[in-house]
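[1] Let's see this in three dimensions:
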Amino acid sequence: MKYLLILLVLLGFVACKEKRDTGPQIIHYGEDVCERCKMIISDKRFAAQYIPQRGEAKKFDDIGCMMESLGEEKKDGGGVLAVYVTDYVTGEWIDGGKAFYLKNTELKTPMGYGIAAFGNEESMRASPFYKGGQALGGIDDLQK
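    Purely as a prediction, here's the structure:
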């Protein structure tokens, strides 16, 4: 009986263990600060974030700031659970690993990286910045 009680208590602890939310975290535009450059995140079209294995979500005002930080995270041996960027057209969070990226000097991003993310290739090609821009492919192409 004693062992059964101990087993039930242990099972209770395991069942109550809090699961980590790896979905996109809320950004309070005009209040939250970019993890890298410390500017206030104000333009939803270029916001980005990632969820590291250790710690809280890291939020950014520019996709370029996030990419710089991701590079440092990988150098330090830190893992990343999820990456999110906002779709330039809809302003909705999309999976950063599935997004299509476009770079154009005419895109006035908060820190001047000139990169926008799109949920699909068609909307990227329909962007007025596509002509004269450079389709960068996926997130792995941004890290080169």
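
[2] Name the helix or strand for the closest residue to residue 64 other than its chain neighbours, please.
    In this structure, residue 64 finds its nearest non-sequential neighbour in residue 113, 2.6 Å apart by CB to CB, 6 or more residues apart in numbering. Placement of C-beta: from N, CA and C, glycine included. For residue 113, there is no host helix or strand (DSSP states H and E).

[3] where's residue 113 relative to residue 62, distance?
    5 Å (CB to CB, to the nearest Å).

[4] quick one, which of those two is more surrounded?
    Ranked by neighbour count (other CB atoms under 10 Å), residue 113 and residue 62 place residue 62 first, with 24 against 18.

[5] Run a quick neighbour tally on the closest residue to the more buried one other than its chain neighbours.
    Counting by CB to CB, 6+ apart, residue 62 lies nearest to residue 111, which is 4.1 Å off, once chain neighbours are set aside. Residues within reach of residue 111, counting by other CB under 10 Å, total 18.

[6] residues touching residue 21, list them.
    For residue 21, the contact set (CB atoms under 8 Å, 6 or more residues apart in numbering) is empty.

[7] Spell out the residue ranges of the strands in this structure.
    Counting by DSSP state E, the segments of the chain that form strands are 48-52, 58-60, 80-86, 93-95, 100-103, 115-118, 134-137.

[8] Please work out which of these is packed deepest.
    strand 115-118 (a mean of 26; mean count of other CB atoms under 10 Å).

[9] what does that one contact?
    Contacts for strand 115-118 (CB under 8 Å, 6+ apart): 45-46, 48, 62-64, 67, 85-89, 94, 96, 99-104, 107, 109, 124, 127, 129, 136, 142.

[10] what's the distance between residue 59 and residue 71?
    Distance from residue 59 to residue 71, by CB to CB: 17 Å.

[11] If you could redo that for residue 132, that was the one I meant.
    27 Å.

[12] what's the answer for residue 100, then?
    On the measure of CB to CB, residue 100 and residue 71 end up 20 Å apart.

[13] Next: residue 103.
    The value you get for residue 103 to residue 71, if CB to CB is used, is 17 Å.
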